[in-house]
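Asks: Okay, here's the prediction I keep looking at, along with the sequence it came from:
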Amino acid sequence: MQYRTLGKTGLRVSEIGLGAEWLERHTLEEIKEVIKRCEESGINILDCWMAEPNVRSNIGTAIKGHRDNWIIQGHLGSTWQDGQYLRTRDMAKVKEAFQDLLIRLDTSYIDLGMIHFVDETAEFHQIVLGEFMEYVRELRDQGVIHHIGLSTHNPDVAKLAALQGEIEMILFSINPAFDMLPATEDMTQYFSESYADELGGIAPERAELYQICERENVGINVMKGYAGGRLFSAEASPFGVALTPVQCLHYALTRPAVASVLVGYDTTDHVDQAVAYETASEEEKDYATVLAGAPSHAYSGQCTYCGHCLPCPSGIDIAMVHKLYDLAEMQKELPDTIKAHYFGLSANAEDCIACGGCEERCPFGVPVIKHMEEAKLLFH
C-alpha cells in the first residue's frame, strides 16, 4: 500500500481508504471481516458519516483494541432522528450525535472532524460565521478532533472551504464523469439521465478547485470515485464505455491534491478489487485510452495528467510540468514555491527536444510541445 500526506494535516493516509457507508447493511461478523481485510491490506483511513446507531457500534467493536491503527473521518451534523438519518445544523442535535459517535466508536478523539455535507454556498457562510464553527473550534482546541475537514459535492463550496484558512482537508466527489459537470447545489443532477448531453470537457470550476487545493496545501479525500457504480457499465456510463475499479481509482489519484479514495465495500472481495490497484500494471490503470475511444467524451486537447505521454527521452515528467504550469497560471505573480518545485524537477520544459513522441502517445491530442514552450516562457 502506498501512503500520501493529506495536505496540511500532515497525516499519512493510505491512497485506498474505507468509506464505511455500505457496512450499514451488514452484520457485525461481516463488518469485522471487511475491516480486518482492510487492515491486512494496509488501509488506514475510515470515513464514518452514517448516524445509524448499529453500524456505529459495530464499527467500534470491529476496531476495538486497534483504534490507533485508523485515521477516522467523523462527521458533525449527521444525526439519527425518529429512526432515520437527518442532516441538521441544530446545535443540540449536532452535539448529541457527535458524542454518540465517540461513544459507539469507543474513542476519545476523531482524527478528522468533518463539517458534514455542505453543498450550498449560503449555508457554508452561515456555518463558518456561526455557532456551528464555534463548536468545531472548541472540539479542536480540546483535542477531541485533531483536524477540521468539510464534505461537499459542489466545487464552489469546496473552493470556499480551501480558502477559509482553518479547514485543512476536503471530502469531495471525483470521477471522470463528475469532473465534466458544472458546479451545482443539487447533487441529484450528477445522476440525471441527461448526463451525457452535458459533457463538455473538465469543468473549469473543478480544475480550478484542484489547483487551489494544491496551492493551499488542502488535502482532498475522494468519495463517489465509482459514480455509484455507473462507470462499470457501458449502458449506464455517460461515456458509453465501461471502466474498471482500478481505472476509476487511477483517475481520482492523478488529480492534484488528492490523498486517498474512500471506497465502499460489501465483502472482502470488494476490498481486494480496490487494493489490486497497488499492484496493477500501467495498462490496467489506463483510463485515458478507454475514454479517448468512447462514443461520448469531451477531453480533447486537455491534459488529464494520465502519464500516457511517457517515456520522455529527456526524462521530463510531462504530467507534473502540466500540473505546475496549470497551478502557476492561476496566479497574478509566479509564486516562489511553485517555481522552486519546477526547477527542482530532474528535467523540465527547458529540456524538451520537441521530438513529438509524447503527442503521438497522447490519447486526447494534447499539444504537448506547445505547452512545453509556454512553460519555458512562464518559468523563465
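Replies: Nice, I can see it. No experiment lies behind these values; they were computed from the predicted model shown.

Asks: and stretch 241-255, C-alpha only, in CSV?
Replies: Provided in CSV are the C-alpha atoms of stretch 241-255 (Å, rounded to 0.1, in the frame of the first residue of the first chain):
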residue,chain,number,x,y,z
VAL,A,241,-17.9,2.6,-22.3
ALA,A,242,-17.2,0.7,-19.1
LEU,A,243,-14.3,1.5,-16.8
THR,A,244,-12.8,-0.8,-14.1
PRO,A,245,-12.4,0.0,-10.4
VAL,A,246,-8.6,0.3,-11.0
GLN,A,247,-9.1,2.8,-13.8
CYS,A,248,-11.5,4.9,-11.7
LEU,A,249,-9.1,4.9,-8.8
HIS,A,250,-6.2,5.9,-11.1
TYR,A,251,-8.2,8.8,-12.4
ALA,A,252,-9.0,10.1,-9.0
LEU,A,253,-5.5,9.6,-7.7
THR,A,254,-4.0,11.6,-10.5
ARG,A,255,-5.9,14.7,-9.6
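
Asks: Count the residues that sit near residue 29.
Replies: 9 (other CB atoms under 10 Å). C-beta: built from backbone N, CA, C; applies to glycine.

Asks: likewise the one 5 residues further on?
Replies: Around residue 34 sit 24 other residues, with neighbours defined as other CB under 10 Å.

Asks: Okay, and it sits in which element?
Replies: Taking DSSP states H and E as the definition, residue 34 sits inside helix 28-41.

Asks: Can you spell out which helices and strands pack onto that helix?
Replies: strand 16-19, helix 53-62, helix 268-275 (3 or more CB pairs under 8 Å, 6 or more residues apart in numbering; DSSP states H and E).

Asks: okay, it in PDB with CA atoms only?
Replies: The C-alpha trace of helix 28-41 is given here as PDB (Å, rounded to 0.1, in the frame of the first residue of the first chain):
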ATOM      1  CA  LEU A  28     -21.200  -7.400  13.000                       C
ATOM      2  CA  GLU A  29     -19.300 -10.500  11.800                       C
ATOM      3  CA  GLU A  30     -19.400  -9.400   8.200                       C
ATOM      4  CA  ILE A  31     -18.200  -5.900   9.200                       C
ATOM      5  CA  LYS A  32     -15.300  -7.400  11.200                       C
ATOM      6  CA  GLU A  33     -14.200  -9.400   8.200                       C
ATOM      7  CA  VAL A  34     -14.200  -6.400   5.900                       C
ATOM      8  CA  ILE A  35     -12.300  -4.200   8.400                       C
ATOM      9  CA  LYS A  36      -9.800  -7.000   9.100                       C
ATOM     10  CA  ARG A  37      -9.100  -7.400   5.400                       C
ATOM     11  CA  CYS A  38      -8.700  -3.600   5.100                       C
ATOM     12  CA  GLU A  39      -6.200  -3.600   7.900                       C
ATOM     13  CA  GLU A  40      -4.300  -6.600   6.400                       C
ATOM     14  CA  SER A  41      -4.200  -4.700   3.100                       C
END
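
Asks: Contacts for that helix, please.
Replies: 1, 16, 18, 23, 26, 46, 55, 58-59, 61-63, 66, 69, 265-268, 270-272, 275 (CB atoms under 8 Å, 6 or more residues apart in numbering).

Asks: winner for burial among the helices and strands packed on helix 28-41?
Replies: Most buried of the helices and strands packed on helix 28-41 by mean neighbour count (mean count of other CB atoms under 10 Å) is strand 16-19; its value is a mean of 27.

Asks: Partner strands of that one and their direction?
Replies: strand 45-48 (parallel), strand 258-263 (parallel) (DSSP bridges).

Asks: okay, those strands in JSON lines with mean neighbour count next?
Replies: Converted to JSON lines, the strands paired with strand 16-19 look like this (neighbours: other CB atoms under 10 Å):
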{"stretch": "strand 45-48", "mean neighbour count": "26"}
{"stretch": "strand 258-263", "mean neighbour count": "26"}
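
Asks: Rebuild those strands as CSV, extending it with mean pLDDT and distance to residue 249.
Replies: Below are the strands paired with strand 16-19 laid out as CSV (pLDDT from 0 to 100; distance: least, CB to CB, whole Å):
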stretch, mean pLDDT, distance to residue 249
strand 45-48, 97, 14
strand 258-263, 97, 5
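
Asks: Export these as JSON lines, with columns for distance to residue 79.
Replies: Formatted as JSON lines, the strands paired with strand 16-19 follow (distance: least, CB to CB, whole Å):
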{"stretch": "strand 45-48", "distance to residue 79": "13"}
{"stretch": "strand 258-263", "distance to residue 79": "21"}
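
Asks: Secondary structure element for the residue most central in space within the chain, which one?
Replies: Residue closest to the average C-alpha location in the chain (CA atoms, centre = their mean): residue 222, at 2.4 Å. In this assignment (DSSP H and E), residue 222 forms part of strand 219-223.

Asks: what residues does the helix or strand following that strand touch?
Replies: Once the chain leaves strand 219-223, the next helix or strand it forms, by DSSP H and E, is helix 245-253. Outside helix 245-253, the residues that touch it by CB under 8 Å, 6+ apart are 15-16, 174-176, 222, 225-227, 231-232, 243, 258, 261, 263, 273-274, 276-277, 280, 284-287, 290, 304, 306.

Asks: For ChimeraX, write the select line for the buried members of the residues you listed.
Replies: Selection of buried members from the contacts of helix 245-253 for ChimeraX, criterion 16 or more other CB atoms under 10 Å:
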select :15,16,174,175,176,222,225,226,227,231,232,243,258,261,263,273,274,276,277,280,285,286,287,290,304,306
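
Asks: Any stretches of the stretch 51-200 of the chain with poor pLDDT?
Replies: Within the stretch 51-200 of the chain, the stretches with pLDDT under 70 are 182-183, 185-200.

Asks: Could you rerun that using 90?
Replies: Applying pLDDT under 90 to the stretch 51-200 of the chain picks out residues 119, 153-154, 175-200.

Asks: Quick one: the strands in it, in order.
Replies: Ranges of strands in the stretch 51-200 of the chain, per DSSP state E, counting those that start in this stretch, are 71-76, 78-81, 84-87, 110-115, 145-152, 169-173.
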